[in-house]
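Engineer: need coordinates for the below:
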Amino acid sequence: MSLPYAPYHEMDIRQFVDQMDELIARIKPETNLKILRTRVGLSQRQLSEISGVPFRTIQQYEQRQKNINKAQAEYLFMLSSSLYCEPKDLMERIT
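Structural biologist: Have a look, this model is predicted:
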């Protein structure tokens with residue numbers, strides 16, 4: 001059995017990042033933000049009201065339309081304090 005050839009070394013950095021983002025989404029369909037938000041028992045709207053982060057921004061992070069790894073530090077701190085976690089816990093990574 002052979003694995004498909006993935007020419008990561010031939011990609012520019014943006015293509016590589018896009019490929020890794022797709023891989024993360026396939027491996028782990030729920031974002032850390034959504035997991036932590038539901039664990040605390042908040043809706044997206046409630047989290048927005050408590051944290052001060054715009055509702056639409058929270059939606060985009062959870063749907064991976066915006067990359068939370070590139071979020072403003074202020075947003076990460078606002079979300080993490082509302083979810084009783086560390087800012088690094090919101091970051092998406094393959095574990």
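
Engineer: tell me where the chain has helices.
Structural biologist: For the chain, helices defined by DSSP state H occupy the ranges 13-27, 32-40, 44-51, 55-62, 73-82.

Engineer: how about low-confidence regions in this structure?
Structural biologist: Scanning the chain for pLDDT under 70 picks out 1-6, 94-95.

Engineer: kindly recompute the last result at 80.
Structural biologist: Residue ranges of the chain with pLDDT under 80: 1-9, 21, 24-25, 27-28, 93-95.

Engineer: can you lay out the helices of the chain as a markdown table showing distance to Lys88 and mean neighbour count?
Structural biologist: For glycine as for every other residue, the C-beta is placed from the backbone atoms N, C-alpha and C. Shown next, in a markdown table, are those (distance: least, CB to CB, whole Å; neighbours: other CB atoms under 10 Å):
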| stretch | distance to Lys88 | mean neighbour count |
| --- | --- | --- |
| helix 13-27 | 16 | 12 |
| helix 32-40 | 10 | 17 |
| helix 44-51 | 17 | 17 |
| helix 55-62 | 15 | 18 |
| helix 73-82 | 8 | 17 |
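
Engineer: would you list these in a markdown table and tack on distance to Met91?
Structural biologist: Formatted as a markdown table, the helices of the chain follow (distance: least, CB to CB, whole Å):
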| stretch | distance to Met91 |
| --- | --- |
| helix 13-27 | 11 |
| helix 32-40 | 7 |
| helix 44-51 | 16 |
| helix 55-62 | 11 |
| helix 73-82 | 8 |
